[in-house]
Structure formats: structure tokens, C-alpha cells
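[1] no FASTA, just this:
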């Protein structure tokens, strides 16, 4: 993993440009989906009215929702390809896999949060909080895409589903939307915005970089491994062997 | 008043001079006027003429009356102390349907000049016997209503024109305003406890009102639904607006729709005497009847479910009383169709899209739009790819049905999941926040 130096601080590349674009497309389509979706379920909400102005003549809300859904699902398909067919993606998949370590990290962190430990445990490249969020997003995307497309193509869906299942799909689509939105606000926004050690924003989704200090705080174990690799590389260089760029995620 | 007294004095003097001359001229005058009378008034006129001839002394010239009544300041005071003008414009009958009549044709109790201070009302019954009898039987003929309208209150007095004349008080364009003079008067409405406060404003806004004002004489006006002379209380079974007569009243113009309605579940119930079953006005309102295309109409796509069907089908009182299925309306308003309508997408299905409008029938009836055999076609109006599954299984189901219980279980599972997961997140991050705030503060 490459690292740059700035203000006497080491900076590490956390997200590639491609990954940052994926994130922002996801963030945008998710927001649009949430707004246009909740606008249908709660049509009397005041701040949603401008969006519903044209409904009588053109069902704008629904079409924005469907277009955003295509973007969202399209991105999901691209992401699957990225994760399985690029070396970087495969290392990310490995790093995201739940491990026994996560469970012990969780318990240690709980001890810290409850004041029975002076410091939090050192986390790997992805902490258990990030892993939970990633897999929740994968789960949510599958649920929303399946229920959403069946509701969109109701003629197709009703060829093999009984009519009352449409009601079940609607209920699932709605409550999964609530779950996802609340998770983003309470879990994700806390982790990258409202966490007192992060506030006002985790910059890495903007420039892709994370400072040594942040790395130590949030991904201590990964940092240690990176620094070890760096030291090893320096030693190798001294032995006049050209350093080989590591494609691995620490 | 002084001028009026002077006028009377002058009149009395002039009368003495003219009295004898008039008596001599009467015979000549009557014969002279006969052709005109025949021309304008036809047979009743002829009758009147004969009456006039029988009492030659009464057949005064208009000029005789105008000696006093030509004075613009001539007034009288009625029993309530209000002043009324007694002024009569010369030639006032010229535009009237009664042109050519003498004053005494209608004011038949004037046999000499000066006449008695209080005269009987104009003798309309002489010719319009039926109308006067109908009026006496109507709500306007009730003895307890002191200021009930008389013939002249609705038709005018001297300037009575044919109904077809747009200046007639009872012309379709004018009638609502004529009735409105009392029925839109807050004082009168209050005095007689008339439940509908301002039918005039409502009517003028309505599809009927707009059409009559635009000159469409066939559009319904007050008398089309209430009758003209024999207006009866809505509680009176003979009244045109009695609940059970309303479909027939509207059918005067809306035959096709009325026939559909009569065959419908609502029409059939009304025919069996069920007061709670809706007639035309229950859905369309009375005076403010509006096209469903108008957004504010209770029958418009946006309003029909809650405002119109919901008034009965969401009413616990009625669903319990008649064993109707419950939550018909809320299951709709929370469905995709209902939500899309609420967000303004008027093309989404409303009650009428599936159940019909005037032709609503129970699903067991083969003619019903929601009969299982017709459902694919009904759903197919909007869903051209509707398969047989569209028609299978209950719609509008609640937790009383098995399908509803499945939905309820799924909902409960998801809600529990949300509470546990989001609650856990709040707890985790709350603790994290407290712990890290301390760290950050300590670091400064």
C-alpha cells in the first residue's frame, strides 16, 4: 500500500479513486431512493411537496425512484465484478470476511466502552463495525432490489406469486428501507462524521488518504503491519534488491 | 310626505272633474282596448275582459291609477313598520306577459277611486288557479311563515315576463338569484332554521349553476329538483328531494346513469327502503354538484375514497350495523394505489376504477366489475399484462384473513428487527460517544 508524507505525517491510501467514485454514486443513488421512496409512503409530508408538484401530469417521483434504482443496482453489479475480478477487489473481499478476531475485538471494545479497559483494541484494515456495515449493505441491496423489481414488474411477479404477496413485498420494501436509512444515519454517519475523534468528517472518502494518526486510532493492527512491511522494504532496498510494490491490503 | 299629500290632494280634485267623464268613457275604452287584450292575453284575457265589462265602473284607465301611483314618493307602511313604495312606472306592463291588462284586472277589488286603504293581493288565482293552490300546499304556504313568498316575490309584480325571457325572475339564469333573495339571506335562514345556509353560492359554483349562467336552459336550476309552486319539505314523501325520490328526480335528465344506479347494490338497497344506502346527492352533494374532473369535487379521483365512499365504508357505525367488511378505505389509502393518489398521481386506481361508479355491484354478481370472471379485464384497464393471478386471492385484506395475518407477521418481524438493530446501534454508538468525548476533552 502506498504512503505519502505531508506535514511530518505519513499518509496511507485507504480508498482508490475508483472506490471513491463507487461510494459517491452509492451515496447519491441511496439518498435519491430514500427521498423518492419515503415520498410515496408519506405523501403528506410538507418538505416533500415540491417533488410531488408535477404528479398530476407526470409521475415524476416514481420515475426518479426507478432510475435511481437502476443506478444503484447497476453499481451493485459493477461492484461485484470489481470485488471478484480485480486483484485489489479480491484483497478487499478477504479483508471484509468476518473472522474470529472480530468477535474478540467486539468484546474488548465493549469492555472499553463500559470503562473496564483503558484503551480500545487495535483494529485491522476493517473493524468489526465496518464489516457489519458492509455486509448489511449487501443484504439490504439484495432485499431492496428483489422486492423493488418484483413490485415494479408486477405483471411478471404475479405470474408466479399470489396477489397477497405483493402486500408482503411492499411491507418488506418499506421496513428494509427504514432499517437501511436508520443504519446509515445512526451507524455510518456516526462512524464517519459524529464520532468525536473523527468529526467533522472522515476525509478518506474525499481524497482517499488516511493519516498515520487516524490509522493508529482506527486501524492499529493494519498500521503495524504496514509499517513492518515498510521497514522490511527499506531493509530489502539496503540489500540492493529493488522493492516490489505490494498489491495487498494490510 | 308633504309632496305625497299634495299629490293626493291634487288627485282628489282632478278625480272630481274626471269622475263623470270617466264613467262615460268606460264603455268606449273597453271596446277600444278589446283587440289588444285578446291579442296579448288570449282566453284568460277574454274572461277578464268580460268580468271588466260586467263591472264597468271598475274598468279604470291606467291613467286614473297613475294620478296617484305616478307619484314617485307615494309610499305605504306595512305591519312591520317598513315603508314600501307605491309608485308605478307608466307603461309598466308593456314588457310583461300581462301587457294589455288593466290595473283592475289583477287589483280586482278596486271598484272606485279612491279605493280602500288596504287592498287584497293581486288576484293571480283568477287565472292561475293551480299554481296558487300548489303554493298553498307547499312549504311556502305554511301559515307560520310570516314572510313566505307570494306570487310576486318570485315572479315580480307588474313586470312579469315569460320564463323564456332572460329578464324574467324565473328564467333559468335568474331563478337561483330569485330564490337566493331569501335562501341566501342569513337573517331569514336563521329565523326559519333552514339547514342549508347558502345554497345560492354553492349552486352558482356547481356544474348546473355554471351551465345555467352560460345560458344552457336545460341545465338544472332550483325548480328542476325542488319543483316550482309545490315545493315540499325534504321529509315529505311526496317531495322531489325526499331521499327515496332523489334518483327519480335526477333521472329527469340523467336517465342512463340513473338506470345504472337503480340496478346497482346502492340503488337496490334504496328501493328496499334502506335510508343509509346512498342516493345521488350522498356522493355528489346537492347544490354544489361538480364534475369529478374538478379537484375539489367529493367524487374527484383524489377525494372519492375518503370523502365519498369512506363516509359509509370507513364508518364503524355502518360497517357494524350492516355487516360490511371493515377497513375497506384504510387498506386502500395505504396501498400503492392509495399512496400514489395521495401523492397526486391521479391516474392511479381509485374505488371507482375497480368497483364501478353508478353500477357498483357485489363481487358475487356476474355483472360486477370485481366478479372473479371480470377481474382480469378490470385490472387490465391499467395492467395490460395482468395474468390470471391478478384475479386470485383477496384484495383489501385485513388481519381477519389468513393473508393479512402473514403480512402482519412479516411486519412484526421487521419492526422487531429494526428496534433491536437500531437500538443496539444507538447503544453502541452512545457509549462510544461518551467514552470518546472524554478522551477528546482530556486531549484538549
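    Thanks, I have the structure now. This structure is a prediction, so every number in the text was calculated from the model and none was measured. Numbers count the residues shown, from 1 in each chain, chains lettered A, B, ... in the order given.

[2] Check the gap between the residue of the stretch 151-300 of chain B found nearest chain A and residue B:203 for me.
    Among the residues of the stretch 151-300 of chain B, residue B:295 lies closest to chain A, at 8.6 Å counting by Cβ to the nearest Cβ. In this view, the C-beta of every residue, glycine as well, is placed from N, C-alpha and C. When distance is defined by Cβ to Cβ, to the nearest Å, residue B:295 is 19 Å away from residue B:203.

[3] neighbour count winner among those two?
    Neighbours per residue (other Cβ atoms under 10 Å in any protein chain shown) separate residue B:295 from residue B:203, with residue B:203 holding more: 27 against 13.

[4] tell me which element the more buried one is part of?
    Secondary-structure assignment from DSSP states H and E places residue B:203 in helix B:199-205.

[5] For the following helix or strand past that helix, give me every contacting residue.
    Next in sequence after helix B:199-205, counting helices and strands by DSSP H and E, comes helix B:207-213. Applying Cβ atoms under 8 Å, 6 or more residues apart in numbering or on different chains, the external contacts of helix B:207-213 come out as B:172, B:173, B:175, B:176, B:203, B:204, B:219, B:220, B:221, B:289, B:290, B:291.

[6] quick one: which of these has the most company?
    residue B:203 (27 neighbours).

[7] hang on, it packs against residue B:290?
    No. If you go by Cβ atoms under 8 Å, residue B:203 and residue B:290 don't touch, sitting 11.0 Å apart.

[8] what stretches of chain A score poorly on pLDDT?
    A:1-7, A:240-250 (pLDDT under 70).

[9] Count the neighbours of residue 62 for me.
    Going with chain A. By other Cβ under 10 Å, 19 other residues sit near residue A:62.

[10] actually chain B
    Around residue B:62 there are 17 other residues, counting by other Cβ under 10 Å.

[11] how about the nearest residue to it once chain neighbours are set aside, phi and psi?
    The shortest distance from residue B:62 to any residue other than its chain neighbours is 6.1 Å, reached at residue B:103 (Cβ to Cβ, 6 or more residues apart in numbering or on different chains). When quoted as degrees, to the nearest 10, the phi and psi of residue B:103 stand at phi -50, psi -40.

[12] Residue B:76 too?
    Dihedral angles of residue B:76 (phi, psi; degrees, to the nearest 10) stand at phi -140, psi 160.

[13] Go ahead and confirm it touches residue B:84.
    Yes. Residue B:76 lies in contact with residue B:84 (Cβ under 8 Å); the separation is 5.5 Å.

[14] Nearest the middle, which residue of chain A would you pick?
    The centre of chain A sits closest to residue A:134, judged by Cα atoms, centre = their mean, with a distance of 5.1 Å.

[15] which non-adjacent residue is nearest it?
    Nearest to residue A:134 is residue A:96, by Cβ to Cβ, 6+ apart, at 5.5 Å.

[16] Next, count neighbours for that neighbour.
    Neighbour tally, residue A:96, other Cβ under 10 Å: 17.

[17] Now do the contacts for it.
    Here residue A:96 is in contact with A:126, A:131, A:134, A:135 (Cβ under 8 Å, 6+ apart).

[18] Mark which of those residues are buried, thanks.
    Among the contacts of residue A:96, those classed as buried by 16 or more other Cβ atoms under 10 Å in any protein chain shown are A:126, A:131.

[19] of all the contacts of residue A:96, which two lie farthest apart?
    Pairwise distances across these (Cβ to Cβ) peak at 10.6 Å, for the pair A:126 and A:135.
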